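Visitor: sequence unknown, structure follows:
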RNA sequence: CGGGAUGUAGCGUAGUUUGGCUAGCGCGCCUGAUUUGGGAUCAGGAGGUCGCAGGUUCAAAUCCUGUCAUCCCGACCA
């Protein structure tokens, strides 16, 4: 087998370079002339559209409604909640001029829309009958990051942010955890990425939140990626923005709020969890093209006809199929669709036709099998690929999840075999910071499992079991 | 934001040290022919503000200053 003309970097030798190679060569993005802003190309955007479509349906099923808020936030509005503004101030972009005139109040380009939703909720919520409000928004946000990386951290990125208001703390907490479950389920079932569900430490939680829940996934190189978050705000924002309603007893009450979001960062996760040295590998459930049909020759009409018949059959089963009739050589097409991560390839040529069969090649295993034209089940193969990708990712995570009793162990494990480290923690900020200082790992999340020993740092009785890792 | 590297056609690059005639090459692209089971062959053709701005010079891709972007390391970080 010849090498791709511009071979991608070996992922085990230099994962960072492999990653930046692959996002360009699989035609997901281009760089724009603005630092840290990426151009999502059609193929990259198609993956985002799949994510949108599937999640949006989930949101609708759980009674959420889509809305759209302005892109600009007046400075005074952003500043209403103290912790929130302190958390975001270092990375907001400001609009200071409109046309040629200087604005009397500068406008922030939304880094997140809590403040806008709060202002709106204050206007539209009067009675307990108005609650709950279950809103979601698909949009882009801007964060002026110092270091950027495609999909993982860009100045502007596409995301989804849900914002809800409830009558009680319990109901808000329930919503927060429900959305976390929807995210976790989506990652595992659709993206084939196993996740750890947990709670952020006080130090790592969202600015202005009472508690932040997270799903964390492990990349091929052993670093963790925060893949989705869900926040319970309690009534903190309600008090800052004066969001009150009259309850059944005719008393004024503050609402309890949540917010939750996932972003195009998930595409980065897909690449870093499933990709290999031949390029991208997409789980069938998310792949814009699930099956590529490659006629070995485009000159023989019987081959084309057979390819078109296969295409018609697959399309009738609602499988996302692409028949490539361009006059590029067959070998070129093989590599092209491999680089783009298409899960299944069907080759059909004169030799197949003689046997009334076609050749099926799996992207995940590179396994080639020959099946009769009148009796094959592509759906079954796709399901097997989906399952295999999840199993592989889970096996990788399990293999790279370790326990540590003390700092020395933690440090040693991280330097030899980076991954998740399960270790107990006393709950003290100083211990959390000491671990970061000494090992470079941060507390990714507090596990829902109980603590069962001594703090990995100070040796006192532990309060929490924490997943630690170096992260993106 | 600090340290380092890079920027020449769609992609990858030579040339920069030591300034010199029309900026070379490979891939890709277009046309035609022959091809097609893992990146075809031959022939012809198109494509360049040398990242951008300013300076030095008879002359700048090359030297100087500034600036923008990308990559790596660090710091920072929903």
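Guide: Cool, the structure landed. Bear in mind that the values here come from a model prediction, so they are computed numbers and not experimental data.

Visitor: the closest residue to residue A:413 other than its chain neighbours: how many residues sit nearby?
Guide: Nearest residue to residue A:413, sequence neighbours excluded (Cβ to Cβ, 6 or more residues apart in numbering): residue A:402, at 4.9 Å. C-betas here are computed from N, CA, C, even on glycine. Residues lying near residue A:402 (other Cβ atoms under 10 Å) number 19.

Visitor: parallel or antiparallel, list what pairs with the host helix or strand of residue A:402.
Guide: According to DSSP states H and E, residue A:402 maps onto strand A:401-403. Within its sheet, strand A:401-403 is paired with strand A:420-425 (parallel), according to DSSP bridges.

Visitor: how far out from the middle of the chain is the strand it pairs with?
Guide: Distance of strand A:420-425 from the chain centroid (Cα atoms, centre = their mean, to the nearest Å) equals 23 Å.

Visitor: next: stretch A:12-29.
Guide: The chain centre lies 17 Å from the centre of stretch A:12-29; the measure is Cα atoms, centre = their mean.

Visitor: can you tell if that stretch touches RNA strand B?
Guide: Yes: contact of stretch A:12-29 with RNA strand B is found when judged by Cβ under 7 Å from any atom of the strand, involving A:16, A:17, A:19, A:20.

Visitor: for the last one, helix, strand, or coil?
Guide: Secondary structure of residue A:20, reduced to three states by DSSP: H, G, I helix; E, B strand; the rest coil: helix.

Visitor: and it, what does it touch?
Guide: A:149, A:150 (Cβ atoms under 8 Å, 6 or more residues apart in numbering).

Visitor: report the contact partners of the spatially closest residue to residue A:26 that is not a sequence neighbour.
Guide: Nearest non-adjacent residue to residue A:26, counting by Cβ to Cβ, 6+ apart: residue A:280, 4.4 Å away. The contact partners of residue A:280, by Cβ under 8 Å, 6+ apart, come to A:22, A:26, A:28, A:270, A:271, A:274, A:339, A:340, A:341.

Visitor: again with residue A:184
Guide: Residue A:184 touches A:195, A:197, A:215, A:228, counting by Cβ under 8 Å, 6+ apart.

Visitor: so which elements touch the helix or strand that contains the second one?
Guide: Which is residue A:197. Element membership of residue A:197, judged by DSSP H and E, is strand A:196-199. Helices and strands touching strand A:196-199, by 3 or more Cβ pairs under 8 Å, 6 or more residues apart in numbering; DSSP states H and E, are helix A:169-185, strand A:211-218, strand A:442-450.

Visitor: now the angle from the second one to strand A:420-425?
Guide: Taking axes from the mean of the first three to the mean of the last three Cα atoms, to 10 degrees, one finds strand A:211-218 and strand A:420-425 inclined to each other by 140 degrees.

Visitor: angle of whichever helix or strand comes after strand A:211-218 against strand A:442-450?
Guide: Per DSSP H and E, strand A:211-218 leads on to strand A:224-234 as the next helix or strand towards the C-terminus. Going by the same axes, to 10 degrees, strand A:224-234 is angled at 70 degrees with respect to strand A:442-450.

Visitor: and RNA strand B, is strand A:224-234 touching that?
Guide: Yes: applying Cβ under 7 Å from any atom of the strand, one finds strand A:224-234 in contact with RNA strand B at A:226, A:228, A:229.

Visitor: what is the mean pLDDT for that strand?
Guide: The average pLDDT for strand A:224-234 rounds to 96.

Visitor: helix or strand right after it?
Guide: Counting by DSSP H and E, the next helix or strand C-terminal to strand A:224-234 is helix A:236-241.

Visitor: that next one packs against which elements?
Guide: Applying 3+ Cβ pairs under 8 Å, 6+ apart, one finds that helix A:236-241 makes contact with helix A:82-88, helix A:114-124, strand A:256-263.

Visitor: I'd like the next helix or strand past the shortest one.
Guide: Taking DSSP H and E as the definition, the helix or strand that follows helix A:82-88 towards the C-terminus is strand A:93-98.

Visitor: parallel or antiparallel, list what pairs with that next one.
Guide: strand A:101-109 (antiparallel).

Visitor: contacts for the strand it pairs with?
Guide: Strand A:101-109 is contacted by residues A:71-76, A:78, A:92-97, A:142 when judged by Cβ under 8 Å, 6+ apart.

Visitor: tell me, how many residues neighbour the closest residue to RNA strand B within chain A?
Guide: At 1.8 Å from RNA strand B, residue A:229 is the closest residue in chain A, using Cβ to the nearest atom of the strand. For residue A:229, the count of nearby residues is 23 (other Cβ under 10 Å).

Visitor: hmm, it is touching residue A:211, no?
Guide: No: taking contacts as Cβ atoms under 8 Å, residue A:229 lies outside contact range of residue A:211: 10.7 Å.

Visitor: name the residues contacting each of those two.
Guide: With Cβ under 8 Å, 6+ apart as the test, residue A:229 and residue A:211 both reach residue A:200.

Visitor: close to RNA strand B: what parts of the stretch 251-400 of chain A are there?
Guide: Within reach of RNA strand B by Cβ under 7 Å from any atom of the strand, the stretch 251-400 of chain A has these residues: A:261, A:278, A:296-299, A:327-336, A:338-339, A:347-353, A:359, A:361, A:366, A:368.

Visitor: likewise for the stretch 51-200 of chain A?
Guide: With Cβ under 7 Å from any atom of the strand as the criterion, the stretch 51-200 of chain A meets RNA strand B at residues A:87, A:90-91, A:111-112, A:143, A:145-150, A:153.

Visitor: list of residues touching the strand holding residue A:402?
Guide: By Cβ under 8 Å, 6+ apart, strand A:401-403 touches A:218, A:413, A:417, A:419, A:420, A:421, A:422, A:423.

Visitor: repeat that for 10 Å
Guide: For strand A:401-403, the surrounding residues in contact (Cβ atoms under 10 Å, 6 or more residues apart in numbering) are A:196, A:218, A:409-410, A:412-414, A:416-424, A:453, A:456, A:465, A:467-469.

Visitor: and that strand, how far from the chain's centre?
Guide: Centre-to-centre, strand A:401-403 and its host chain are 24 Å apart (Cα atoms, centre = their mean).

Visitor: stretch A:112-124 now?
Guide: Taking mean C-alpha positions (Cα atoms, centre = their mean), stretch A:112-124 and its chain are 25 Å apart.

Visitor: listing partners with orientation, what would you give for the helix or strand hosting residue A:157?
Guide: Residue A:157 is part of strand A:156-166, with elements assigned from DSSP H and E. Here strand A:156-166 is paired, per DSSP bridges, with strand A:133-142 (antiparallel), strand A:256-263 (antiparallel).

Visitor: right, so those strands: which one is the most enclosed?
Guide: Compared across these, strand A:256-263 shows the largest average neighbour count, a mean of 26 (mean count of other Cβ atoms under 10 Å).

Visitor: now the angle between helix A:169-185 and that strand, please.
Guide: Orientation note: strand A:256-263 sits at an angle of 10 degrees relative to helix A:169-185 (the same axes, to 10 degrees).

Visitor: now strand A:256-263 against helix A:114-124, angle please.
Guide: With the same axes, to 10 degrees defining the directions, strand A:256-263 sits at 140 degrees from helix A:114-124.
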